[in-house]
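Engineer: attaching a predicted model along with its sequence, questions to come.
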Number of protein chains: 2
Amino acid sequence: MCPPPALTGHGLDTLDEEERVTTRVGIKEVARLAGVSTATVSLVLNDRAAERIPASTQERVRRAALESGYAPNRLARSLRTRRTHTIGLISDRIATTPYAVRMVEAAQETARRHGHLLFLVSTGGDRELEQEAVAALLDQQVDGLVYACMWHRVVTDLPQGLPPGTVFLDGRPAGGGFPAVVPDDRGGAVAAVQHLVDAGHRRIAYVDIDEEPPPEASGLRHQGYLEVLERAGIQADPALHVRGRSDAAGGAEAASRVLDLPADRRPTALFCFNDRIAMGAYAAARRHGLEIPRDLSVVGYDDQQLIAAELDPGLTTVALPHHAMGRWAVEVLLGERERPTQDDGVVLMPCPLIRRESVGPPSVRDPDRRRV
Amino acid sequence: MCPPPALTGHGLDTLDEEERVTTRVGIKEVARLAGVSTATVSLVLNDRAAERIPASTQERVRRAALESGYAPNRLARSLRTRRTHTIGLISDRIATTPYAVRMVEAAQETARRHGHLLFLVSTGGDRELEQEAVAALLDQQVDGLVYACMWHRVVTDLPQGLPPGTVFLDGRPAGGGFPAVVPDDRGGAVAAVQHLVDAGHRRIAYVDIDEEPPPEASGLRHQGYLEVLERAGIQADPALHVRGRSDAAGGAEAASRVLDLPADRRPTALFCFNDRIAMGAYAAARRHGLEIPRDLSVVGYDDQQLIAAELDPGLTTVALPHHAMGRWAVEVLLGERERPTQDDGVVLMPCPLIRRESVGPPSVRDPDRRRV
DNA sequence: TCCGGCTGTTAAACCGATTAAGCACGTGCT
DNA sequence: AGCACGTGCTTAATCGGTTTAACAGCCGGA
């Protein structure tokens, strides 16, 4: 029992106590306790013993490790094995879209389940920070990188030096060449609008977002919207495609524009770009004396709990598969799941329709009762 | 046990190219290029040269490093220096309270500004996972740990083996002994209620949350509420302290209970435990034919953007200093800021009042007009 | 008796940096 | 000439593990 000199200066009486606190027990100590060499300890504890080392010795080593509370220094191990069991997640931002956070959480959880730790870096979209982050993470010898976006988008100028295996999350690299997963916005829109068509609606407006340039999701959802109309033999009315700011006020304003149309052209249902716009649509409906879903059906997008579930009546909406995407990204990164080869490596994750109470059959009310 | 692909993989033709991609240039290569030993390279690049090494040599080394794109392997460096420049953040959950995410983001940003990377682990409140996380992070030799809660609470059973410097964020350890930062809920309530008193209100209700056990914040805000009333010489009316579920419906129901009181006891202002409850209070006010702020003033808590800013009229509320707390925690951890010694190491972070349009002078309307 | 092979274990190289200690050389002083 | 000292660098130990090659001892067969 002759301990190595303690590194700290603050002298306690009992060296024993001090050591417990400051110095972790290493493989050497275990080897000494078990009366073997460090090589043997390493072999045993890593199950590389392969019959070469008798059970008795293995038992001795394991007991020594357990009793001394040995935990290997992963730094040292990683230096030799060249695997750190860490991954880096770079995201443009995490706080803005509340439920996109689920992506990060899912990524972290998946990493953990596979024995990895996750470095989180959010760059606020700053190119320079992003570049620094890539470098810092590679310096740390991460086993892989996830490049996450908080909105479905096409990433045009990638940082330099992204390692080949990097996985894109909720975005895809302009040039391709990396595995990527994004929500199936077109498919989600199809589900939403089909739901309205199935309920009997023929005049369905798309209350789009008004942003320049329009986000990926905007165009894709429009495609889905048009696709369903066409399949249903409904002539799309350009007047029913309106745009508004992405908040309740903007949504109310845009929704009002279609609700103000003459009775024979006025929509009986609204497909809103997102839940905030749908929230505004509720307000507009109220101002037009329309009751949801009796007089007007509304479908949103995003399934933001704070809005969709709290509105009265509950908003039928389409959920973004944040959790599934976060998990997918890490699984692909860690080789637990096949890398996609089709479609330039881009995988579309389905967006499930969440049915609440904001959709019903079209109203048959007297047009004169339209305003209050 | 599928082997992760790590950074290497898909073979390229030219070894040269391959090397560029797979093998990072090490200190040895730089030494060779500059015609010196690795020791010299290390000395120069770490500015430990201290006049011992002439400028000409330094120049040569630096150029070699730059030209070869040398970046030190932080694993190796850390093994030797015993500092990894990484910190671990353990949080019970990150997705639930949307804006608590700011805490994590602030922590990450602060870590980055001080040259550190942040490991994120969210445990879902699972004790066992929490324990594993502590162990895994310590194995990785993190320089420190932040233990974050997503609601202000007292942490009763801490995981084993938390290193002494661990900082608590939005929570404090039951036994003390660790630095901790929590929002000043009492102070925030004081600001909110004082604001109402200053506007002339005398009958102010506290629409509390109905949870067992009541969260820390509930009691503290109640204290602040009572404190202001007492200072203002207002007799607190127990009937004006009601509780409801923490959502819009619960808030509406609880608010209705006080709005149903006879005119001479009915409050002219509501202080709500949070913004979701305040959202319900808006609905209740509407149903009672009361206009905000003309007939009823409302103050919330949390400043949830999706609610507070979107409501009409905008909700005056109290913001939780998530950003400031996240930053504080990391600064204390990294020794950039003095550890608190007062109050068992617990620091109260001020909660600023956010003034919007939901507060006005008390109504002088005819009580008979109360219902519509 | 000698040799090959098997068993159980270990010495030592290695990962890529940092850093204490020391060496070689020139210079100035006595 | 001899010596101390400063300058400019290098050697080698070290961090805490993993991994390869080899060694000691024993056994059985030729």
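Structural biologist: Happy to help now that I have it. A quick note: this is a predicted structure, and the numbers were derived from the prediction, not measured. Numbering: from 1, shown residues only, chains lettered A, B, ... in the order given.
Engineer: contacting residues for the nearest residue to A:Gly124 once chain neighbours are set aside?
Structural biologist: Distances taken as C-beta to C-beta, 6 or more residues apart in numbering or on different chains put A:Arg93 closest to A:Gly124, at 5.9 Å, once the chain neighbours are dropped. (C-beta placed from N, C-alpha, C; glycine too.) Contacts for A:Arg93 (C-beta atoms under 8 Å, 6 or more residues apart in numbering or on different chains) come out as A:Ser122, A:Thr123, A:Gly124, A:Gly125, A:Met150, B:Glu105.
Engineer: make CSV from the residues you listed and add pLDDT to it.
Structural biologist: Listed next are those as CSV, based on pLDDT from 0 to 100:
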residue, pLDDT
A:Ser122, 95
A:Thr123, 94
A:Gly124, 90
A:Gly125, 89
A:Met150, 89
B:Glu105, 94
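Engineer: just the ones of those residues in strands?
Structural biologist: A:Ser122, A:Met150 (DSSP state E).
Engineer: would you write a PyMOL line that selects the buried entries of the contacts of A:Arg93?
Structural biologist: Listed next is the PyMOL selection for buried residues among the contacts of A:Arg93, using 16 or more other C-beta atoms under 10 Å in any protein chain shown:
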select buried, (chain A and resi 122+123+150) or (chain B and resi 105)
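Engineer: make CSV from the contacts of A:Arg93 and add distance to DNA strand C to it.
Structural biologist: Converted to CSV, the contacts of A:Arg93 look like this (distance: C-beta to the nearest atom of the strand, whole Å):
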residue, distance to DNA strand C
A:Ser122, 27
A:Thr123, 25
A:Gly124, 29
A:Gly125, 30
A:Met150, 34
B:Glu105, 30
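Engineer: wait, a helix at the residue nearest to A:Gly124?
Structural biologist: No: going by DSSP: H, G, I helix; E, B strand; the rest coil, the assignment for A:Arg93 is coil, not a helix.
Engineer: need the max-distance pair from the contacts of A:Arg93.
Structural biologist: Spatial extent of the contacts of A:Arg93 (C-beta to C-beta) is set by the pair A:Gly125 and B:Glu105 at 12.8 Å.
Engineer: whichever residue of the stretch 201-350 of chain A sits closest to DNA strand D is in what secondary structure piece?
Structural biologist: Going by C-beta to the nearest atom of the strand, DNA strand D is nearest to A:Gly335 of the stretch 201-350 of chain A, at 17.5 Å. Assigned by DSSP states H and E, A:Gly335 falls within no helix or strand.
Engineer: where's it relative to A:Phe178, distance?
Structural biologist: 15 Å (C-beta to C-beta, to the nearest Å).
Engineer: more neighbours: these two, which one.
Structural biologist: Comparing A:Gly335 with A:Phe178 by other C-beta atoms under 10 Å in any protein chain shown, the one with more neighbours is A:Phe178, at 22 against 18.
Engineer: quick one: pLDDT of the more buried one?
Structural biologist: If you check A:Phe178, the pLDDT there is 97.
Engineer: which residues touch the residue lying closest to A:Pro215 once chain neighbours are set aside?
Structural biologist: Distances taken as C-beta to C-beta, 6+ apart place A:Trp151 nearest to A:Pro215, at 5.8 Å, with adjacent residues excluded. Contact analysis of A:Trp151 by C-beta under 8 Å, 6+ apart lists A:Thr97, A:Ala100, A:Asp170, A:Gly171, A:Pro215, A:Glu216, A:Ala217.
Engineer: and A:Val134, by the same measure?
Structural biologist: A:Ile90, A:Leu145, A:Pro159, A:Gln160, A:Gly161, A:Leu162.
Engineer: cool, and A:Thr40?
Structural biologist: A:Ala31, A:Ala34, A:Ile53, A:Thr57, A:Val61.
Engineer: which of the contacts of A:Val134 lies closest to DNA strand C?
Structural biologist: Nearest to DNA strand C among those, with distances taken as C-beta to the nearest atom of the strand, is A:Gly161, at 15.8 Å.
Engineer: may I ask which helix or strand encompasses the closest residue to the closest one other than its chain neighbours?
Structural biologist: Spatial nearest neighbour of A:Gly161, excluding adjacent residues (C-beta to C-beta, 6+ apart): A:Val134 at 5.8 Å. Using DSSP H and E, A:Val134 sits in helix A:127-139.
Engineer: now find how far off-centre that helix is within its chain.
Structural biologist: 21 Å (C-alpha atoms, centre = their mean, to the nearest Å).
Engineer: looking at the contacts of A:Val134, which are in strands?
Structural biologist: A:Ile90, A:Leu145.
Engineer: any weak-confidence spans in the stretch 51-200 of chain A?
Structural biologist: A:51 (pLDDT under 70).
Engineer: which single residue of it ends up nearest chain B?
Structural biologist: A:Pro98 (3.3 Å; C-beta to the nearest C-beta).
Engineer: and the residue nearest in space to the middle of chain A, what is it in contact with?
Structural biologist: Nearest to the geometric centre of chain A sits A:Met103, at 2.1 Å (C-alpha atoms, centre = their mean). With contacts defined as C-beta under 8 Å, 6+ apart, the neighbours of A:Met103 are A:Ala148, A:Leu169, A:Asp170, A:His322, A:His323, A:Met325, A:Gly326.
Engineer: compare the residues you listed and tell me which is most surrounded.
Structural biologist: Ranking the contacts of A:Met103 using other C-beta under 10 Å puts A:Leu169 first, with 30 neighbours.
Engineer: quick one on the thing from earlier: so what's the residue of the stretch 51-200 of chain A closest to chain B closest to, chain neighbours aside?
Structural biologist: B:Pro98 (3.3 Å).
Engineer: looking at it, A:Arg327 is touching A:Ala111, isn't it?
Structural biologist: No: applying C-beta atoms under 8 Å as the test, A:Arg327 and A:Ala111 come out as separate, 9.7 Å apart.
Engineer: tell me which stretches of the stretch 251-372 of chain A form strands.
Structural biologist: A:269-272, A:297-299, A:317-318, A:346-349, A:353-354 (DSSP state E, counting those that start in this stretch).
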